[in-house]
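Q: Just to be clear, the model below is a prediction. Sequence and coordinates:
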Amino acid sequence: MKEQFKKFLNEEQDPKAIEKITSKLTDLLMKGEEIGYIAVQKKPAITVFPDSIVVTNKRIIICEPKNLGLSMDFTDYAWDDIASTFVKENILGSEFSFGTKTDLAVTIDYIPKIQARKIYTYAKEQLDLLKNPVNTATPVQEVVEPVYEEEEEAEEVEEIETEEVTSFAEILPAAPVVTETYEPLPTQPTQPAGERRLSDLTKEELFDKLQNYKKLLDNGLIMQGEYDAYKKEILSYM
């Protein structure tokens, strides 16, 4: 078991935590699913049962020990449902966060900085694969036999149809010009005076701003339509 998961112990992960997680994940992995990296929480105080993040080629899995380590809760998020990922480095470790397409924000703190960078890099690679899938299948070459008679018939039909359309165009009067008026589209939400433009903000700052708007919506300080407009504008810069 230790030899099998030795590759996940390169950045000072807790061996006991890694062994416990991998033993439980063996029965949870889907067909064709492989573990890419495991990051283990490391708080300043002694943490007997730390939380962990597992990234595979299909999803992110949050592992939370319960009942003094006798059981463990697993919460997974498929890559198709994840909109963005973030890493924020603090004095004591880093925070790894990701947002889903349903506006759910998940954060795991006190991740060692090297582990946080590794898991962030792996997550970015998976999201890039979804945006630009690589098709490795060999194209099938079809053998097309020449068909002479059918092509000649098709050319004759095209010529007849073209002549008929031309004659109808000469008979029918010109269509009247119809002028349509359109109402102006709603404008995007304006930036408050003195506030930095969204294009100047980092992804972490954009993520914090989106969370602040969500709090305003939950407290009834802004309407749902306003929140949707802010959300759409912020996501366009991520």
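A: Yes, it's here. Residues are numbered from 1 along each chain as shown.

Q: Quick check: mean pLDDT of stretch 50-70?
A: Throughout stretch 50-70, pLDDT has a mean value of 88.

Q: Just the endpoints, please. Distance across that stretch?
A: 13 Å (Cα to Cα, to the nearest Å).

Q: Only the buried residues of that stretch, if you could.
A: 50-56, 58-61, 63, 65 (16 or more other Cβ atoms under 10 Å). For the C-beta atoms, the positions are set from N, CA and C on the backbone; glycine is no exception.

Q: ranges for the strands of the chain?
A: 35-40, 52-56, 59-66, 71-78, 82-89, 94-100, 105-111 (DSSP state E).

Q: what lines up beside the second one in the sheet?
A: Looking at strand 52-56 with DSSP bridges, its paired strands and their directions are strand 35-40 (antiparallel), strand 59-66 (antiparallel).

Q: and of the buried residues of stretch 50-70, the nearest to residue 133?
A: Of all the buried residues of stretch 50-70, residue 133 sits closest to residue 58, with 14.1 Å by Cβ to Cβ.

Q: how about that closest one, what does it touch?
A: For residue 58, the contacting residues are 30, 32-33, 78-79, by Cβ atoms under 8 Å, 6 or more residues apart in numbering.

Q: let's see it at 10 Å
A: 29-34, 36, 76, 78-80, 126 (Cβ atoms under 10 Å, 6 or more residues apart in numbering).

Q: Nearest residue to residue 60 in space, please, no chain neighbours.
A: residue 77 (4.8 Å; Cβ to Cβ, 6 or more residues apart in numbering).

Q: surely the one you found meets residue 105?
A: No. The criterion here is Cβ atoms under 10 Å, and residue 77 misses it with residue 105 at 11.4 Å.

Q: tell me which residues of stretch 97-109 are tucked away?
A: For stretch 97-109, the neighbour count (16+ other Cβ under 10 Å) marks 97-100, 106, 108-109 as buried.

Q: Between these, which sits nearest residue 209?
A: For the buried residues of stretch 97-109, the nearest to residue 209 is residue 99 (12.2 Å; Cβ to Cβ).

Q: Wait, the closest one touches residue 127, no?
A: No. Applying Cβ under 10 Å, one finds residue 99 not in contact with residue 127, separated by 11.6 Å.

Q: Mutual contacts of these two, please.
A: 82-85.

Q: Just the buried residues of those.
A: 82, 84-85.

Q: As CSV, these with distance to residue 198 and pLDDT would be great.
A: Formatted as CSV, those follow (distance: Cβ to Cβ, whole Å; pLDDT from 0 to 100):
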residue, distance to residue 198, pLDDT
82, 21, 94
84, 14, 92
85, 19, 93
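
Q: Which of these sits closest to residue 207?
A: Closest to residue 207, out of all of these and judged by Cβ to Cβ, is residue 84, at 7.2 Å.

Q: Using CSV, lay out the buried ones among the shared contacts of residue 99 and residue 127 together with distance to residue 222.
A: Below are those laid out as CSV (distance: Cβ to Cβ, whole Å):
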residue, distance to residue 222
82, 26
84, 22
85, 26
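
Q: Mutual contacts of residue 77 and residue 105, please.
A: residue 98.

Q: how about the helices in the chain?
A: 15-25, 113-131, 148-171, 203-218, 224-235 (DSSP state H).
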